[in-house]
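K.L.:
how would this look folded up:
(2 chains)
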Amino acid sequence: MIELHGLHKAFGKQVVLDRVDFEVREGETVALMGPSGTGKSVLLKHVIGLIKPDRGTVIVDGKDVSKLKRRELSEFRSHIGYVFQNGALFDSMNVFENVRLGITDQAKYSDLDYCRQRITECLRLVNLPPDTVEKYPAQLSGGMRKRVGIARAIAGAPKYLLYDEPTSGLDPVNADIIDSLVQRLDDELGVTSVMVTHDVRGAFRVADRLALLSDGMIVMQGTPKEFLASTNPKVKEFLERDFDNPTLAA
Amino acid sequence: MSVLAALGRWVLDGLSHVGRLSYFMLDAARGLSEVRIWWPRMMIEAWNIGVGSLFIVMLISAFAGAVTALQTGYQFTGSIPYYVVGTLVVSSIILELGPVLTALILAGRIGARYAAELGTMRVTEQIDALESLGRSPASHLVIPRVLAGLVMIPALTVLANLSGVLSGWISVKAVLPVTDADFIYGAQYYWRPWDAYYSIIKAFFFAGSITIIACYMGFNTQQGAEGVGRSTTTAVVTSSILILVLDTVLTRLLLNQ
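P.N.:
Below you'll find the predicted structure:
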């Protein structure tokens, strides 16, 4: 379970997160929505300890992430798969080496036969052919890079998957493919997922629960149905941009 | 008042960098135990530095040696014995020109490359990705680069010294009636083995300043492509200044006792 209590973060004088309370229960998929620049990615990076909060706590499975020591943090991160916005693949490595880095268990990482088998399996899960392993990130399309990023994130069989804008910059067809993939992975792997997105349609398709972040604060958390029924002006304004007719989302 | 405020900000910025650089180095030192991770990467980096820089380092050093010899010939009067040319060329190259020129070239070539590589990795979240996978960016990215520099830059300096001396030797014969025996005699007359050690010690310190500053700047890159450009420029300028400062300090400490 992921719990954020009173999370506050500022960069210089700019307050990015202001007393944010947010939680994700075991096995559910939560989409964290909000306009660009409202602190969604910053919030997600707090969960994995890439950013430390100024105030407040981030608790994952009962552990306060900001208080973990170096080795504990490294061990903790091996249970979390993080999908970066643009894939964040290592340019100097081919797909095989990129995905292999996601195998966080050192014994398994050193076993080349296991790695080959696991990498092929992960590429299959994200609908990429086995011969992709030879390619370098520069030879892949944007959608393929995101899928390799997802393959790397699931290679270590994580308990949690955190997606940072998995569909941003993609055309609608590729965005739909990624959304379906996220949904399928959640079902097949049984992971707990948090997806940061400003794509409302994708969020409604994939998530069990939604949260809207605006101006550094959580405006609303609830099910898709509760969101559609909401009279909160910020929620309505945000949804109307993607849904001319809100009933389409149902 | 605004001048005082600017000065205060500058001092605070400087202190902040010193603090962060110390933490950065401490963090890198912690990764030293992961030999299995950094050793293969260090070998690749060492190869890149050594093979990639060999030609330019030897070329520039050869020109420096030639110019030193030619200028010596220009300033020479009949009252000074010719063998002194050997002393002048060898001492100038080994004590100063070899290590300093090599370091300044490599600050541009290696320092810029490291800062740009790591800066790009920072802004494209590749460094965050390494951390998110529970892996240490220090042992994957910093230690291999710094250690490769510490090994290869002194080695390149030795080759640069040889190239400079050889080129000076050949060139001086074009302007002065110096025999090989004169040159060798002069080179040996004031020669102390300590001079060679001093040259390598300087190169070692210069290597540290080039690689550590470049990695630190790259790691702390912000704001996209512009930030990468800024980090690269800052890394080259800072390490070049540091090389000259270290040159003065080390000369005072190691030669003027």
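
K.L.:
And the contacts of the helix or strand where residue A:147 lies?
P.N.:
Assigned by DSSP states H and E, residue A:147 belongs to helix A:142-154. The contact list for helix A:142-154 (CB atoms under 8 Å, 6 or more residues apart in numbering or on different chains) reads A:81-84, A:86-89, A:95, A:98-99, A:101-102, A:119, A:122-123, A:125-128, A:132, A:137, A:140, A:161, A:163, A:166-167, A:169-170, A:174, A:177-178, A:181-182, A:185, A:189, A:191, B:129, B:133. (C-beta placed from N, C-alpha, C; glycine too.)

K.L.:
Show me which of those residues are buried.
P.N.:
Among the contacts of helix A:142-154, the ones that count as buried by 16 or more other CB atoms under 10 Å in any protein chain shown are A:81-84, A:86-89, A:95, A:98-99, A:101-102, A:119, A:122-123, A:125-126, A:128, A:132, A:137, A:140, A:161, A:163, A:166-167, A:170, A:174, A:177-178, A:181-182, A:185, A:191, B:129, B:133.

K.L.:
Identify those among the residues you listed that sit within strands.
P.N.:
A:81, A:82, A:83, A:161, A:163 (DSSP state E).

K.L.:
now residue B:132: how far from chain A?
P.N.:
Separation of residue B:132 from chain A (CB to the nearest CB, to the nearest Å) stands at 4 Å.

K.L.:
pLDDT averaged over the helix or strand that residue B:237 is a member of, what's the number?
P.N.:
Assigned by DSSP H and E, residue B:237 belongs to helix B:224-255. Per-residue pLDDT over helix B:224-255 has a mean of 93.

K.L.:
what does stretch A:216-235 give?
P.N.:
pLDDT averaged over stretch A:216-235 gives 88.

K.L.:
Next, the buried residues of the helix holding residue B:237.
P.N.:
B:227-228, B:230-232, B:234-236, B:238-240, B:242-243, B:246-247, B:250.

K.L.:
Against which helices or strands is that helix packed?
P.N.:
helix B:98-106, helix B:112-123, helix B:193-219 (3 or more CB pairs under 8 Å, 6 or more residues apart in numbering or on different chains; DSSP states H and E).

K.L.:
what inclination does that helix have with respect to helix B:98-106?
P.N.:
On the basis of axes from the mean of the first three to the mean of the last three CA atoms, to 10 degrees, helix B:224-255 is oriented at 180 degrees to helix B:98-106.

K.L.:
Check the secondary structure at residue A:7 for me.
P.N.:
For residue A:7, the assignment made with DSSP: H, G, I helix; E, B strand; the rest coil gives strand.

K.L.:
What parts of chain A come near chain B?
P.N.:
Proximity of chain A to chain B (CB under 8 Å from any CB of the partner chain) is limited to residues A:45, A:48, A:50, A:70, A:73-78, A:80, A:82, A:84-86, A:88-91, A:101-102, A:104, A:152, A:156.

K.L.:
change it to 7 Å
P.N.:
Proximity of chain A to chain B (CB under 7 Å from any CB of the partner chain) is limited to residues A:48, A:50, A:74-75, A:77-78, A:82, A:84, A:86, A:88, A:90, A:101-102, A:104.

K.L.:
So which of the residues you listed sits lowest on pLDDT?
P.N.:
Note: of these, the lowest pLDDT belongs to residue A:86, at 84.

K.L.:
Tell me how many other residues crowd residue 71.
P.N.:
You didn't say which chain, so I picked chain A. 10 (other CB atoms under 10 Å in any protein chain shown).

K.L.:
Chain B is the one I meant
P.N.:
Neighbour tally, residue B:71, other CB under 10 Å: 13.
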